[in-house]
Each structure stands twice: as structure tokens, then as C-alpha cells.
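1. Turn this into a model:
(one chain, ligands or ions: 3)
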Amino acid sequence: MRTIYTTNDACTDKNLLGNKGANLVTMARLSLPVPPKFVLSIDAYRAYKRSGRLPLEEIRKAIEELEQRTGKRLGRGLAVSVRSSAPASMPGMMDTVLDVRELEELLASVRKVFDSWDNARAIEYRRLNRIPADTGTAVIVQAMVFGDADGRSGTGVMFTRNPSTGANELFGEYLHSAKGEDLVSGRVTPRPLCCLQIEMPEAYYQLKEIGRTLETHFRDIQDVEFTIESGCLYVLQTRSGKRSGQAAIKIAVDMATEGLISREEALLRITAEDVRSLLHRRIESPQEYAHIAQGLGAAPGAVTGSVVFHPNEAVAAKERNESVILVRVETSPDDILGISAAIGVLTSRGGLTSHAAIVTRAMGKACVCGAEEVRIDLEAERFEAGGQIIRRGDSITIDGNSGRIYAGRLPLVEAEGSPELNTLLAWSDNVRKLKVKANADTPEAIAVAAKFGAEGVGLCRTERHFNAPERLSAIRAFILARTGAQRAQALETLGKLQKEDFVAIFKQLRGMPIIIRLLDLPLHEFLPADLENLDPGLAEHIRELRETNPMLGHRGVRLAVTSPEIYEMQLEAISEARSEVEADVSVMVPQVITLQELFWVKRLVKDKNLKVGVMMETVRACMRAGWLAKHADFFSFGTNDLTQAVYSFSREDVEKKFLTTYLEAGILTHNPFMVLDVKGVGRLMQTAIFWARKEVENLDIGVCGEHGGDPESIKFFERIGVSSVSCSPFRIPIARLAAAQAAIEHKRAATEEVKPPAPATN
Ligand code: ADP
Ligand code: MG
Ligand code: MG
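-> Ligands and ions are numbered 1, 2, ... in the order given. Below is the predicted model of the structure:
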């Protein structure tokens, strides 16, 4: 079995050489200056794990080759590094042994690095990042170069683009006359790469050229480690650069524009998390506040929270639903759990390529690092900055863009995106098949939805309109009316208020279509819960209206059957509002189980020229979808109620009582209210759509439950032939992107060759 590879072998298989090893070989083959090396493959790791033995003969031969190439003997002029190289990059998690000068030691180092695959933090890192635990690591043995050799030496990290903003400029840090570890560990705060441009211009421009070569080859931003020994530049590592969401979007759009990648590729590279981070908050008016310290803005977004100094405390605070900012001198891989529990991180030491900076950017947390003016006393759990003492539990605000730190909680505002995000979303709109609409009940929400690119309002609930005090008393008067006259009076008041609401809403639509859901809530929800001080007759009446299980009780269309006046009032209000403001209005009937209910409501609609659709949220409606489709103008799945019905779960009780246990025990893999349950609820939807489309091929079928904004669920909806999704206004950009990705993936799956089945293995 072959276990040792050199550049001559032309093998760049990550599964054999690991990521770092494969990329080193690739760079050498691109004629970039990489110190000579050989790689013990992952097969060698496996053999070592099985037998405890290393391929001694092969290693001896490889060293001889290395000695020939460098013209030096091991221990006499030649020193090597022994480095780990796993298929998935795990920065800093495994051991590296530097400056090895004799064979016995070298062998011990290889064993040490192999063994470090199983050290505690590597295991934890793999668990957190869902990296397979059983691959093992390759080992690279490489001639050492010395960044601290003399005055014409140094070491640094270069990103081929700015990993925080995405700007197409070299970005990085550099230490004059120092070793790589000094930089990577964050022990010293380095200087920006532009210093290198002044001190060693030749090396700088060579680096720039290398960056271009690497981007052209890898078609992605690269994070490059380099060392300069006596004026001679060497590249020690390259990998795809971790980047902020903002940078991910800018880089993808720029690379597509530069022709490095296709637009489809650009769309597929962006995650919902990337888009979300661009919709991150910022400080409302920072100029009005004095900051107490200034650091480096390492990961974008402004956050405000209380200070903790220990990662464990951040974890505990998260469990109490508290927002905390983790303050450390510097962070290490051991702090990962604490960082992921905090909303932001502040460090007093380390640069933009320090551990804290890289990890928070990848996680979408705000981070300010290298704030040297912040003097931390970990023992006393406090820090001093700008003449102020901030203790554990005190509130601060950090701005990951400007790098500024403020005492107290500053008002924050939502972000507005970026030009590149707009470009990306415009590309999405060209590709996607699903329409994206908004769940919006108020003119304000509709305005936000329009700004984010909604194509309509897919769900306008009318319950909320009744909850303002004057309205509440009107609906109460209606419910509790004793005479026909009282009832008519209450209805008239309600009708006027509803009409005003609809006028305001229609004005805001500016051409977008809207689906209004007729009243769904059980009436008693509008009645007082506390009956103590009420007139005894009234209290008795309210008691009669109470239900044992109101969510399965007298609500939705069932109300319209017993009290048609309410829907009549709503329909009349819509109609009157529309005579004042032109609008494309449909109404949707909640809780339908049978065609007869749809007919009932259609009779109430009469000649009002409104499209009438069914909210598909009961199991029976799904089973009767063919018949309903023949008589409905559209369907819209309410996946929240449908999930409750399919599971026989009452959402609030379930989430409060036992869902966590179910998830921990692995009985359920996801909360079905957050990620659509494809196998159960999804199957039911698929069945309903099949029968509906059999009757009416081009029926408009939407989804307006919470799942309408979840990227994974959106992919499923696309596959089963849903025509639109509707979600909360702030999720619309994510839904537009997810819909585009769904369309691309769907198309690719359809055109993929049918591969012959794999040969049978044992
Ligand atoms: P990690 O995967 O943890 O980043 P590396 O294999 O990159 O580990 O090694 C860590 C550091 O060791 C590098 O950042 C570099 O500073 C130093 N190093 C590794 N190989 C060499 C070498 N051939 N010459 C000089 N320094 C080296
Ligand atoms: Mg490294
Ligand atoms: Mg519902």
C-alpha cells in the first residue's frame, strides 16, 4: 500500500492527503514557493491505528529525497515541521511539532500528531461542526523556514479579499522578524499587511500575485499563511477563507461579475445565515455616544448585553435566555461553547486573524478584538476602560463594524442590506419559480414587506385588529349582546372600524395582491378572564361561552356557520374599503373541513367579486383536496395548525413540557413547528396537492405557516409543486434566496445523469 506522497505524485485527493496537504501539493504544482515536503496519507494513519506501526522504510526514503531537494542533512541545516492535515479543516485543533532535527524524534512527532486526532478539543470541535469523527488525519513533514532568521524576515496571514467586508483588496497581518506561532496564537497584536508593502515591497507584490493565482485556481477567497526567510517568500498553507455574511455575499457577487464563477454558483454559495447577518442591527445614532474604548471591528453587527468573563457563564446565561457579551483577554479553541452561547465577543488582545475574530465571523456573532485599552481583571471579574469600571453583569454595547465599545445599552436599529445583497436577490428573482409573499397584518408590516421584495400579502390576519381597546369593547358588546338591536349596533361599530383598517391597508399595497383571512379566533378569547368583579349574570354568560379545548373548538368557519353576521360584516367592510381604494383582494376561510363550509361562506360573499380560498389546516381538508379544489379559487396551507393536527400536539404545551426531552433522546430530530416534518405533514401536503392538481392543474397553492420562511422547508415546497410561500417580512430576503436555490437544485437533480448502481460491497 502507498502511504507517502510527494509533489511528484500529482495526487491532490483530500481524502488521502487531508485539506492542508492536498492544497500544499496543489500550490507546489502551480509553481508557488512551498517549502519541500512529503505527506503520510490517511491510509498511513489507519495502518498506524490498526497496528501501532509507521511505514519506517518509506519514511527513511522520503527523508533522503527531502535532503537531496534541500541539499541539507536532517539535523545539519535541515529541520522539519510535522503537521496535521484532516479532510475538513480544523484550525488549531491538532498538534504541530516544529523544528524537528532527528529521525527518532521525527517518528515520535508523527505519532503525536496522529494521536492528536483524538484529543478532547478536536473531538469537541468535530461534534460542534458536524465533521465526521472517523476519517483520521494525514501528516505533513515539511522543511522548516524561519521567519525570525534576520531583519529581512517575518511572517503573516493574508486573505485574498477582505473577510469582513468582502472588498477586493489584500487584507492581512504581518509580524516583522517573528515566527508563525506568534501570530496565529494572538499573543502579539500584529501590524496590517500594508506595512509589508513599505518594508519589503518585493515580497508584498509577490504575495499579491500568489493571491491572484490561488483565487483563479480555487475560485474562492483564500486564507494564506506565509513566512519570509532572509527576503525569500514561502507559502505554508492556503484554505478557503472564513468570512462574514456581508463578505460572503459581496465576494460571491463580485466573483460572478468577474467571471470566476457562474451566477448559479454564486447563489448556491450563500446561506440563510449570511443573509441574516446583513440584516444585522447597528447602533441607531453612534455619534451621540462617547465610546469607552476602541478595538478592531472583527465581525459585523452591533449587540448589547451584559458582561460575562467566563465561557461557562455565557453557557449558563444562554440557558436563562439572557443576552451576554463574552469578554476575554484572548480566546482559544477551548472557549468555543461559550462563544456560541454569547451574542458577541470582546477581546483585549489579538488581531483580525486571531481565533476570536475568525470564529465569530463564521458564527455570525458580533466581535471586537484587540481592544488594548480594555484592561481586564479576570479574577475580580471586571474591566477598566475610558476611566470606567465595568463589572460582571453590567451592560455594554459593542459595534463589530467600527470596533467601538460603549457602556450601557444603546438603542439599535435593523440593518438595511447592501448593494450586493440586492444584486443577489435580483438574480434570485430571475431563477426562482416560487412566489414569495408576506404575512402582514398592518400597513407598517406591509411597507417593510414591500421594501424586502414581497410580491403580495399571503396572509393578513384580522384578529389583531380587534385587540385595541375601543375595538375590544365593541367585539365584547357584540358577543354579549342580549337583544337583536344591541347586536346590530355592535356590528355596525365593528364594521366601521374594520373598513378603516382595510382602507389603510389597501393604500399601502400599491398594486400588490392581498389575501385576507376571515376571523379565526374563538370568541371567548376576546372576553375577560377574571370574572370576580362582573355582574353575576354576565359572569355566568361568559362561563357558558368557555370551552374545554378552544383551539379545537368553536373557531374559524365554524363561527361563521353559527353567527354569519361576523363574516358578513367583514366582507362588507372589505367591499366598502375597495370601493374607496382599488385593490386585488382575496379572502381565505380558516379551519375548513368540508366543501359544505366553503359553499356556506361563498353564499355570504354573494356577488362581491372576491376570490375565496381555503386555508388548508385540517387533516380532513387535505383528504378532500380534490373536491375543495374544484370550488376554491386557491389553497393556502397553514402549516402550524396542520402540524398540530397531524401530531395531535398542542404547540405551546408541547414546547413547554416535553419537546426538549424528545429532541435530546433523539425521538424527534427537529421541532416540527420550526422545520417542516417532511415525512408526515409533508406527505399529507403532497397527497393533497396531488388530488387538487388532478382536478385543477394550475390551482394557486400557497404556504402561509411559519415554515414558509424556513430555507429547508422551502426546498421541499418547491419539489412538491407549491406555487407561493408567505412568511414574516424580515424573512423575505432569505425566502427569495432559498426559493432560487431550490429551483437550481431541482433543475440540477432533474438533468443529472442516471448513474449505474454502485457495485455491491460487503
Ligand atoms: P494548524 O492546522 O493548527 O494551523 P499548521 O500545520 O498550520 O497547524 O502549523 C501551525 C503553525 O506552525 C503554522 O501556522 C506555522 O506558523 C508553523 N509552521 C508549520 N510548518 C512550518 C514550516 N515548514 N516552517 C515554518 N513554520 C511552520
Ligand atoms: Mg495553519
Ligand atoms: Mg390556523
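2. Are there helices or strands packed against the strand or helix carrying F716, and which ones?
-> Using DSSP states H and E, F716 falls within helix 711-719. Other helices and strands packing on helix 711-719, by 3 or more C-beta pairs under 8 Å, 6 or more residues apart in numbering; DSSP states H and E, are helix 732-751. (Glycine included, C-beta is placed from N, CA and C.)
3. Go again with 10 Å.
-> helix 272-278, helix 683-695, strand 700-703, strand 724-727, helix 732-751 (3 or more C-beta pairs under 10 Å, 6 or more residues apart in numbering; DSSP states H and E).
4. Contact residues of the stretch 501-650 of the chain facing ligand 3?
-> Contacts of the stretch 501-650 of the chain with ligand 3, taken as C-beta under 5 Å from the ion, map to 617, 638, 641.
5. Columns neighbour count and secondary structure on top of these, output as JSON lines?
-> Formatted as JSON lines, these follow (neighbours: other C-beta atoms under 10 Å; DSSP: H, G, I helix; E, B strand; the rest coil):
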{"residue": "E617", "neighbour count": "25", "secondary structure": "coil"}
{"residue": "G638", "neighbour count": "28", "secondary structure": "coil"}
{"residue": "D641", "neighbour count": "20", "secondary structure": "helix"}
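6. With adjacent residues omitted, what lies nearest to K437?
-> Among residues not flanking K437 along the chain, G458 sits closest, at 3.3 Å (C-beta to C-beta, 6 or more residues apart in numbering).
7. The one you found reaches C727, doesn't it?
-> Yes - taking contacts as C-beta atoms under 10 Å, G458 lies within contact range of C727: 8.1 Å.
8. Give me the common contacts of those two.
-> 436-439, 449, 703-704, 708 (C-beta atoms under 10 Å, 6 or more residues apart in numbering).
9. And the furthest pair within these?
-> A449 and V703 (16.1 Å; C-beta to C-beta).
10. which of these two has more neighbours?
-> V703 (32 against 28; other C-beta atoms under 10 Å).
11. Bridge partners for the more buried one, pull those for me.
-> F637, V725 (DSSP bridges).
12. quick one: it and Y204, what's the gap?
-> Distance of V703 to Y204, given as C-beta to C-beta, to the nearest Å: 54 Å.
13. Same check on V587?
-> Counting by C-beta to C-beta, the gap from V587 to Y204 is 66 Å.
14. Which residues does stretch 123-132 contact?
-> 86-94, 117, 119, 122, 133-135, 333-334, 336-337, 340, 362-363.
15. Just the buried residues of these.
-> Buried subset of those (neighbour count, 16 or more other C-beta atoms under 10 Å): 86-87, 89-91, 93-94, 117, 122, 135, 336, 340, 362-363.
16. most neighbours per residue, which of the helices and strands packed on helix 711-719?
-> strand 724-727 (a mean of 28; mean count of other C-beta atoms under 10 Å).
17. Just list the residues touching the spatially most central residue of the chain, thanks.
-> Per C-alpha atoms, centre = their mean, the C-alpha nearest to the average position across the chain is that of E273, at 2.2 Å. Going by C-beta under 10 Å, 6+ apart, E273 touches 245, 248, 362-364, 711, 734.
18. With respect to R191, which of these is nearest?
-> A362 (24.2 Å).
19. Which residue comes closest to whatever residue of the chain ends up closest to ligand 3 once chain neighbours are left out?
-> As assessed by C-beta to the ion, ligand 3 sits closest to D641 within the chain, at 3.7 Å. With C-beta to C-beta, 6+ apart as the criterion, D641 has its nearest non-adjacent residue at 3.9 Å, and that residue is E617.
20. can you list the weak-confidence ranges in the stretch 651-762 of the chain?
-> Residues of the stretch 651-762 of the chain meeting the criterion pLDDT under 70: 753-762.
21. Would you mind measuring from the residue nearest to the centre of the chain to A735?
-> 14 Å.
22. so for stretch 369-380, what's the average pLDDT?
-> Stretch 369-380 shows a mean pLDDT of 94.
23. Can you give me the buried ones in it?
-> Within stretch 369-380, the residues that qualify as buried are 369-371, 374, 376, counting by 16+ other C-beta under 10 Å.
24. pLDDT score assigned to the residue in the stretch 251-400 of the chain that ligand 1 sits nearest to?
-> Closest residue of the stretch 251-400 of the chain to ligand 1, C-beta to the nearest ligand atom: P333 (9.4 Å). On pLDDT, P333 comes in at 75.
25. so it sits right up against V184, yeah?
-> No - using C-beta under 10 Å, P333 is not in contact with V184, being 11.5 Å away.
26. Just to check, I325 is in contact with A314?
-> Yes - using C-beta under 10 Å, I325 is in contact with A314, at 8.6 Å.
27. Next, show the common contact partners of those two.
-> By C-beta under 10 Å, 6+ apart, the residues touching both I325 and A314 are 305, 308, 342-343, 345.
28. now those in JSON lines, with pLDDT?
-> Output for the shared contacts of I325 and A314, formatted as JSON lines (pLDDT from 0 to 100):
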{"residue": "G305", "pLDDT": "96"}
{"residue": "V308", "pLDDT": "97"}
{"residue": "A342", "pLDDT": "95"}
{"residue": "I343", "pLDDT": "95"}
{"residue": "V345", "pLDDT": "97"}
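29. Where helices are concerned, which of these count?
-> Among these, no member is found in helices (DSSP state H).
30. Phi and psi next, for L610.
-> phi -120, psi 140 (degrees, to the nearest 10).
31. F383 looks like it's in a helix, true?
-> No - read with DSSP: H, G, I helix; E, B strand; the rest coil, F383 is strand and lies in no helix.
32. Contacts only, for it.
-> 292-293, 307, 309, 327, 329, 346, 348, 371, 373-377, 389-392, 394, 396, 405.
33. Nearest residue to it in space, please, no chain neighbours.
-> I376 (4.5 Å).
34. Might one say that L699 is in contact with K630?
-> Yes - under the criterion of C-beta under 10 Å, L699 makes contact with K630 at 9.5 Å.
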